[in-house]
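In: Predicted structure and sequence below. I'll ask about it afterward.
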Amino acid sequence: MIKLAIPLLHVSDPIAAEKFYCDNLGFQKTFTYRPFGDSGPCYFGLARDDIRIHLSSFPDDGKPGSAIVLIVEDVDALYKEFTGRNTKIDLVPTDQSWGNREMYIKDPDENSIRFTQWTNKET
């Protein structure tokens, strides 16, 4: 039985990525794995509410410019929160033709974080 899927995004600068996800998007770091010390690549986990994301600077983990979709209860509330933190929004909350309300943000490595509010439960 599959219990959970956690997206993994590649980041080039772990310090900048941690600052962006924690300071701008309200995530908290849950763990860090640095097998080669502070100067080597690292892998770390983030959490906010029930959402988990893993970020890695190891060269074979993911490709910059990936996209993840995070299902949220209220896109507009997050928009207000994020703009209050001076986060650049790529797509303001928008009602999409396929029935969802969505907002898009890019992290420092051009990974797209797509916040999706389901307006049709069958989606």
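Out: Yep, that arrived. Keep in mind the model is a prediction, meaning the values are calculated, not measured.
In: Do a quick rundown of the helices in this protein.
Out: 14-19, 75-84 (DSSP state H).
In: can I get those helices in TSV with mean neighbour count, distance to residue 111 and mean pLDDT?
Out: Quick note: C-beta positions are derived from backbone N, CA and C, even for glycine. Compiled in TSV, the helices of the chain are given as follows (neighbours: other CB atoms under 10 Å; distance: least, CB to CB, whole Å; pLDDT from 0 to 100):
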stretch	mean neighbour count	distance to residue 111	mean pLDDT
helix 14-19	16	9	96
helix 75-84	14	16	98
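In: Of all those, which one comes closest to residue 53?
Out: Closest to residue 53 of the helices of the chain is helix 14-19 (CB to CB; 10.1 Å).
In: Need the residues that contact the closest one.
Out: In this structure, residues lying in contact with helix 14-19 by CB atoms under 8 Å, 6 or more residues apart in numbering are 11, 29, 41, 42, 44, 46, 55, 57, 107, 108, 109.
In: so who does the third one touch?
Out: Translated: residue 41. Contacts of residue 41 by CB under 8 Å, 6+ apart are 14, 34, 56, 57, 58, 59.
In: about what we covered before: out of the contacts of helix 14-19, which are inside strands?
Out: Among the contacts of helix 14-19, the members found in strands (DSSP state E) are 29, 44, 46, 55.
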